[in-house]
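Asks: Build me a structure from this.
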Amino acid sequence: MKVRIDDVAELAGVSKTTVSRVLNKRGYLSEKTIKKVHDAMDKLNYQPNAVARQLFKQETKLVGLIFPTVNNPFFGQLVATMEKKLFNAGFKVLLGDSMNNPDKEKLYLQELMSHQVDGLIVGAHNQGIDEYEHTNLPIVAIDRIVNKDIPVISSDNYQGGKLATELLIDSGAKVIIHTNGPQNLKSPAQKRRQAYEDTMRENGMIPIIYTSDFTDIDNGANQKVDFIKQIFKEHPDVDGMFISNDMDAAQVIDIAEDLGYKVPEDLKIVGYDGAEATRILLPKLTTIMQPIDEMADIAVNMLIERITDNSAGYDQVLPVKVWRGKTV
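Replies: Sure, this is the predicted structure:
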């Protein structure tokens with residue numbers, strides 16, 4: 001007698017829909033549920049029929065994007081480029097703007113899964129969200145380490161950090177400060193910090209790092225200003241700064257000039273990201289340019305591959321380059 005999907009569902013104690021979701025690797029499922037279904041299939045020697053699986057697999061042609069904020073030119077350009085490429089490939093996009101709020105990100109993730117999106121591209125940096133660990137949904141990450149099974153697309157953060165620090169040293173800066181996010185943040189961007197430290201020590205200089213952790217983008221603006229002012233208060237002799245992103249670098253320039261520093265005569269500054277909008281609005285900022293459009297293209301292509309084969313894809317690191325402004 002031929003074993004049916006109904007038999008697997010009955011033995012596993014789940015619905016037929018749940019069995020089909022396990023077979024087609026869709027939506028949020030606990031490890032316990034996935035194991036129960038696979039154990040039942042093994043016990044019954046159930047062999048999924050390819051035609052039947054295709055009937056159950058209803059592609060929605062929807063892709064979810066979860067990012068901290070599109071107000072940041074880096075994320076704005078990234079999302080816009082991915083949306084255009086996905087649309088041209090026949091997909092529509094649902095965007096979750098997490099604002100660095102883990103509860104909001106978790107809610108968006110659950111909602112996107114309930115809408116049965118075909119896949120996700122994520123770039124938010126909140127930690128400890130279990131749904132990422134227990135989903136079979138095809139996912140690609142940008143500059144974020146989610147888990148060992150999800151490929152990460154990033155720029156060469158170590159090379160970027162090295163280039164930025166060397167620029168400041170070669171320009172004559174002696175007291176160079178670096179700002180970065182929390183060290184427990186699971187992101188390749190932490191390599192910028194490591195490159196800064198290595199390059200400073202190689203040149204016989206002492207690294208000075210300030211860590212910012214303004215997780216609430218809505219309410220962090222005043223905290224950021226106080227944070228930057230505190231740096232100048234504690235290190236009035238600072239003459240070089242490698243800032244972790246261009247938005248913060250713009251604020252540093254503004255506050256420094258209010259405090260009487262002349263850029264670049266008294267204070268040399270290098271940012272990081274180099275989004276097109278930033279280069280138009282703040283062309284004088286010297287920054288490390290990430291290949292944003294290329295990162296977006298690779299992420300979309302990889303996700304489309306993973307929608308067909310969820311084992312496809314691998315980590316990719318793309319080269320960076322210097323945008324020469326007038327702040328160094």
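Asks: Give the other helices and strands that whichever strand or helix holds residue 322 contacts.
Replies: Following DSSP states H and E, one finds residue 322 within strand 321-323. Under the contact definition 3 or more CB pairs under 8 Å, 6 or more residues apart in numbering; DSSP states H and E, strand 321-323 sits against strand 286-289. Using the backbone N, CA and C atoms, a C-beta is placed for each residue, glycine as well.
Asks: So what's the model's average confidence on the strand it packs on?
Replies: The average pLDDT within strand 286-289 is 98.
Asks: next one: stretch 236-249
Replies: For stretch 236-249, the mean per-residue pLDDT is 96.
Asks: re the thing from before, pLDDT on the strand holding residue 322, on average?
Replies: 97.
Asks: Show me which positions of that strand end up buried.
Replies: By neighbour count on 16 or more other CB atoms under 10 Å, the buried set for strand 321-323 is 322, 323.
Asks: for stretch 282-296, same thing?
Replies: For stretch 282-296, the neighbour count (16+ other CB under 10 Å) marks 282, 285, 286, 287, 288, 289, 290, 291, 292, 293, 295, 296 as buried.
Asks: which residues touch the spatially most central residue of the chain?
Replies: Residue closest to the average C-alpha location in the chain (CA atoms, centre = their mean): residue 123, at 2.7 Å. Residues in contact with residue 123, defined by CB atoms under 8 Å, 6 or more residues apart in numbering, are 66, 67, 68, 75, 78, 141, 142, 143, 144.
Asks: With residue 269 instead?
Replies: 240, 241, 243, 249, 252, 253, 256, 263, 285, 286, 327, 328.
Asks: most neighbours, which of those?
Replies: Using other CB atoms under 10 Å as the neighbour test, the contacts of residue 269 are led by residue 241, with 31 neighbours.
Asks: That one pairs with what?
Replies: Counting by DSSP bridges, residue 241 is bridged to residue 177, residue 269.
Asks: quick one: it and residue 179 touch, right?
Replies: Yes. Using CB atoms under 8 Å, residue 241 is in contact with residue 179, at 7.3 Å.
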